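Peer 1: Mind folding the following:
(chains A and B)
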Amino acid sequence: RVRFAPSPTGYVHVGSLRTALYNYLFARRHGGVNILRIEDTDRTRYVEGAVENMLRTMEWAGITFDEGPVEGGPCGPYVQSERTEIYRAHADELIARGKAYPCFCTPERLDLVRKSQQAAGIPPMYDRLCRNLTKEEVDRRIAAGEPHVVRMRVPIGEAVRFHDIIRGDIEFDSKTIDDQVLLKSDGFPTYHLANIVDDHFMQITHVIRGEEWLPSTPKHVLLYEAFGWEPPKFAHLPLLLNADRSKLSKRQGDVAVEDYKDKGYLPDALINFVALLGWNPSATEEIFSMDDLVKGFDLERVNKGGAVFNREKLDWMNSEYIRKKSPEELAALVRPLADTRKYIVSDEYLTKVVRVMQERAHTLWDFVDFASYFYVAPDLASADEKYKQKHWTPQAKEHLQNLLPEFESATDWDHDTLEGIVRKYAEANGLSAGKLIHPIRLAVTGKGMGPGLFELLAVIGKEECLRRMRWAVEHL
RNA sequence: GGCCCCUUCGACUAAUGGUUAGGUCACCACCCUUUCACGGUGGCUGAACGGGUUCGAAUCCCGUAGGGGUCACCA
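Peer 2: Residues are numbered from 1 along each chain as shown, chains lettered A, B, ... in the order given. Here you go, the predicted model:
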């Protein structure tokens, strides 16, 4: 039983996607249960619609859950803000067991303490002023309505040990562990309390999460001990990194899964790519379907070091997946993108465009923006200058002029007919076909690259091609 | 700064004491070719450093250096 436990604070980070994926793969691989839990205990950071967006993103990515706010399940509710009573009761239990205590320190005082500690060069930690208040004083202050939090009573001078599936045995000295706040003064739990309580009652067996949680794991282990509960197994995943090897951040590029979706990446490609960041099935292949990933996934094989998110490789992988799709499937995906550019074309036409562009596209947008000449006439005035200089010579123009009647009288407008016309003219005039092909390409597309000329002309159609060639001959 | 984690080509990684250190992306060259791409062939580049253990170390141990994470009434 594993869980993905995001906070609804906006978009889904690609690092979160990988965490969700590894949880999913692990569950599916072992016939386990994948649980979704919403960790929305910070009311100040709640973003409207974030949960829905997250759900949509997971669905897009092909990650499914067996229990959660949508699916329900025996351990609900799966939204932490609906479980506050449970956390309060458990905070009380901890106090009763002497493992936690109420703290009346104000944020202002805490701030002051922290600042002086930092100034003195010592690690900032709560100075435990309220740790040994008498029961009478605590009762009196609570009765007086004084705002307070509940803090964990971290044992002094104890080694906290735990095993991490990826990293092995890890040990912390309890003197470096802060008396963490468990229950905030607004009555909501902090992550630490809610997480432990929920993982326990949801019977989570394996906690698979990002490495940034490693330093707080000893607190969690201590909490399990305080409750007398068996802790789950832990697996801390290596971080996803920027090119400079710092934690992948918005400042240095796209981090939201929806950014990649919007930029024309296919879910299978993103999943495949992100799966291989930190894990590898020891095969020489690189392309894996979700099923392949499930079959090969092994937590023990996850790497320890962080992995740089390399966009070029993602692009390559995306183009691999684009090539594998049928033109009809792709056309359906490209349709909404063409719509945003207000390109009016039939499904049949769009499928033809996709077919000739398919092995050249890195993203879905390439079918639209990179190939805009399929939808609207190119602006030849701003055509590729180098290409124009090289191929749009007075002779080329003359040849094109001569060729126009040949094209006009063509009864068919398919690849072979067009090639026949051009090659025949080239031969008759002692030219290499390239001397004609390049200027025609320029006149029709304005670009020096793209699909084969004859298939491209066939897609665009006779009338439009002739119109563009005539215009070029007259104006360029 | 304290604590913790990490370290194989530019990037992602393989190899679990014996390999000319392999693959993929990127890059370069050549082939194919009307361009671009695809495909094919070849190439480039790597064990952070220093000690040990061992017949033998990328692999095990210790140290150093470097990088990262984390130190909230955020998660």
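
Peer 1: how close does residue A:337 sit to RNA strand B?
Peer 2: For residue A:337, the distance to RNA strand B equals 19 Å [C-beta to the nearest atom of the strand, to the nearest Å]. (Each C-beta comes from the backbone N, C-alpha and C, glycine too.)

Peer 1: isn't that residue right up against residue A:366?
Peer 2: No - Residue A:337 is not in contact with residue A:366 according to C-beta atoms under 8 Å; the separation is 9.9 Å.

Peer 1: which residues are in contact with both of the two?
Peer 2: Common contacts of residue A:337 and residue A:366 (C-beta atoms under 8 Å, 6 or more residues apart in numbering): residue A:264.

Peer 1: quick one: the strands in the stretch 251-400 of chain A?
Peer 2: Remark: strands assigned in the stretch 251-400 of chain A by DSSP state E, counting those that start in this stretch are A:307-308.

Peer 1: Now do the helices in it.
Peer 2: Ranges of helices in the stretch 251-400 of chain A, per DSSP state H, counting those that start in this stretch, are A:257-262, A:267-275, A:290-296, A:311-324, A:327-340, A:347-357, A:385-391, A:394-408.

Peer 1: hey, which of these is tucked in deepest?
Peer 2: helix A:267-275 (a mean of 23; mean count of other C-beta atoms under 10 Å).

Peer 1: send the alpha carbons of that one over as PDB?
Peer 2: In PDB, the C-alpha atoms belonging to helix A:267-275 read as follows (Å, rounded to 0.1, in the frame of the first residue of the first chain):
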ATOM      1  CA  PRO A 267       2.100  11.800 -22.000                       C
ATOM      2  CA  ASP A 268       3.800   8.500 -22.900                       C
ATOM      3  CA  ALA A 269       7.000  10.300 -23.800                       C
ATOM      4  CA  LEU A 270       7.000  12.400 -20.600                       C
ATOM      5  CA  ILE A 271       6.400   9.300 -18.500                       C
ATOM      6  CA  ASN A 272       9.000   7.300 -20.300                       C
ATOM      7  CA  PHE A 273      11.500  10.100 -19.900                       C
ATOM      8  CA  VAL A 274      10.900  10.900 -16.300                       C
ATOM      9  CA  ALA A 275      10.900   7.200 -15.400                       C
END
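
Peer 1: neighbouring contacts of that helix?
Peer 2: Against helix A:267-275 from outside (C-beta under 8 Å, 6+ apart): A:14, A:17-18, A:21-22, A:25, A:60-62, A:240, A:257, A:260-261, A:286-290, A:293, A:313-314, A:317-318, A:320-321.

Peer 1: residues near residue A:222, how many?
Peer 2: A total of 24 residues lie near residue A:222 under the criterion other C-beta atoms under 10 Å.

Peer 1: coming back round to it: tabulate the helices of the stretch 251-400 of chain A in CSV, adding columns for mean pLDDT.
Peer 2: Listed next are the helices of the stretch 251-400 of chain A as CSV, based on pLDDT from 0 to 100:
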stretch, mean pLDDT
helix A:257-262, 96
helix A:267-275, 97
helix A:290-296, 95
helix A:311-324, 96
helix A:327-340, 97
helix A:347-357, 97
helix A:385-391, 86
helix A:394-408, 94
